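Asks: predicted coordinates and the sequence they were generated for:
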Amino acid sequence: MQVSRAPAIRVVSPLANNTIAQQRPAHGSEAVMNEISAGLLASDACTSPKFLYDSLGSKLFEAICELPEYYPTRTEASIFAAYGADMAHAIGEGSSLIDLGAGNCAKAASLFPLLKPAQYVPVDISRDFLLGAVAQLQQRFPQIEMTALGLDFSSGFELPDSVRAERRVFFYPGSSIGNFSPEQAVTFLRGLRANAGADGGLLIGVDLIKDRAVLDAAYDDALGVTGAFNLNMLRHLNHLIGADFEVDQWQHVAFFNPEKSRIEMHLEARCPLTVTWRGGERDFARGERIHTEDSYKYTRQSFVTLLEKAGFATSRMWTDKNNWFAVIHARAIPD
Ligand code: AVJ
């Protein structure tokens with residue numbers, strides 16, 4: 001018989017003295033300064049999409065998910081709703097579910113009644129946000145052991161001993177994998193494979209190639225919410241590196257690049273201007289751009305192939321009726 005108890009919530013804090021936390025310093029640190037400076041000074045200026053998410057940026061992304069043009073969130077949710085039981089069957093009860101970029105933990109929580117994991121391990125860069133969400137969840141699901149990890153997993157990580165070694169299943173919904181180039185995605189997934197162990201698995205959401213007009217509209221919506229989301233990065237950069245970007249001198253540009261099979265987001269200078277920040281400055285000509293995000297789109301086959309390169313064999317795939325989005329369950333290929 002399963003004994004129900006409410007285990008203490010353990011949190012690995014970026015402040016704690018452990019190797020995980022030390023891999024990535026907090027925003028505003030010297031490493032972040034150097035990273036942003038280098039991007040702004042590159043001949044094709046660029047910034048990492050992670051800087052889209054300050055507190056306003058996270059709210060704007062939530063608003064994006066409600067836009068009629070932005071199909072991924074809603075389409076993925078419809079796939080979970082239709083095939084949750086099937087997914088639970090493929091994965092099996094009693095897994096250790098490791099939720100990458102958990103945020104408010106809502107997507108994973110909706111699967112708990114079917115999936116019945118033994119342990120839930122939400123991972124998110126925003127530790128405080130995560131803590132609140134997990135405390136509430138633990139009340140609703142006292143029989144699931146919960147261990148929250150506050151860390152940036154994007155550049156690789158190791159799991160602490162508090163995460164069960166058996167039956168690890170990485171949960172990576174939302175098509176966030178699209179922010180990596182295909183080569184980076186293979187490296188990232190190989191890292192998951194190494195952490196998963198031979199009996200491990202992966203449940204991942206992937207956005208599929210579709211009609212170009214649908215893709216373009218999803219990243220350049222009529223209300224201008226995605227534009228606000230993109231432009232807000234400038235305010236965040238002003239805060240992080242003491243820059244003097246003026247938001248009204250820039251405009252949002254987003255389009256599907258079919259050669260690279262990706263949406264590109266840029267910020268384009270509307271006039272000749274100079275930006276200054278702590279330790280640097282740069283002139284931008286009118287029309288010159290900062291590349292702020294890529295969102296790669298795959299075919300079902302191209303993603304299955306990518307998973308194979310990373311050491312995962314696809315066991316099941318679920319899609320919506322339009323074939324706009326896929327949720328894939330893959331198992332670690334034994335060494
Ligand atoms: C959070 C990376 C999945 O690429 O669709 C939404 C981010 N950018 N609109 C995506 C995003 C512009 C989103 N991901």
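Replies: Ah, there it is. Numbering: from 1, shown residues only.

Asks: okay, CA-based contacts and neighbour counts for the rest of this
Replies: Fine.

Asks: so for residue 179, what's the nearest residue that isn't a sequence neighbour?
Replies: Excluding the flanking residues, the one nearest residue 179 by C-alpha to C-alpha, 6 or more residues apart in numbering is residue 295, at 4.9 Å.

Asks: helix, strand or coil for that neighbour?
Replies: Following DSSP: H, G, I helix; E, B strand; the rest coil, the label given to residue 295 is strand.

Asks: which parts of the stretch 101-250 of the chain sit against the ligand?
Replies: 174, 175, 176, 179, 219, 226 (C-alpha under 6 Å from any ligand atom).

Asks: so the first one touches residue 76, yeah?
Replies: Yes: applying C-alpha atoms under 8 Å, one finds residue 174 in contact with residue 76, separated by 7.2 Å.

Asks: who touches both of these two?
Replies: By C-alpha atoms under 8 Å, 6 or more residues apart in numbering, residue 174 and residue 76 have these common neighbours: residue 205.

Asks: quick one: which of those two has more around it?
Replies: Under the neighbour definition other C-alpha atoms under 10 Å, residue 174 and residue 76 were set side by side, and residue 76 has more, 25 against 21.

Asks: what about the residue of the chain found nearest the ligand, neighbour count?
Replies: Using C-alpha to the nearest ligand atom, residue 176 is the residue of the chain that sits closest to the ligand, at 4.0 Å. For residue 176, the neighbour count with other C-alpha under 10 Å is 16.

Asks: circling back: which of the residues of the stretch 101-250 of the chain next to the ligand fall within strands?
Replies: Of those, none are assigned to strands by DSSP state E.

Asks: in a markdown table, list the residues you listed along with pLDDT.
Replies: Formatted as a markdown table, those follow (pLDDT from 0 to 100):
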| residue | pLDDT |
| --- | --- |
| 174 | 97 |
| 175 | 98 |
| 176 | 97 |
| 179 | 97 |
| 219 | 98 |
| 226 | 99 |
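
Asks: kindly report the domain assignment for the protein.
Replies: 47-66+214-293, 73-155+163-210+297-332 (the TED database).

Asks: in the stretch 151-300 of the chain, which spans are strands?
Replies: For the stretch 151-300 of the chain, the strands defined by DSSP state E, counting those that start in this stretch occupy 168-172, 201-207, 250-257, 262-269, 273-277, 280-284, 289-296.

Asks: sorry, back to before: show me what contacts the residue of the chain closest to the ligand?
Replies: 205, 206.

Asks: and if you look at residue 35?
Replies: Counting by C-alpha under 8 Å, 6+ apart, residue 35 has no contacts.

Asks: for it, give me the pLDDT.
Replies: If you check residue 35, the pLDDT there is 95.

Asks: need phi/psi at it.
Replies: Main-chain dihedrals, residue 35, degrees, to the nearest 10: phi -60, psi -50.

Asks: need the domains of the chain in a markdown table (columns: distance to residue 39).
Replies: Formatted as a markdown table, the domains of the chain follow (distance: least, C-alpha to C-alpha, whole Å):
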| stretch | distance to residue 39 |
| --- | --- |
| domain 47-66+214-293 | 6 |
| domain 73-155+163-210+297-332 | 16 |
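
Asks: so which of those is the most packed in?
Replies: Compared across the domains of the chain, domain 73-155+163-210+297-332 shows the largest average neighbour count, a mean of 19 (mean count of other C-alpha atoms under 10 Å).

Asks: ok now that domain, how far from the chain's centre?
Replies: Here domain 73-155+163-210+297-332 is found 11 Å from its chain centre; the criterion is C-alpha atoms, centre = their mean, to the nearest Å.
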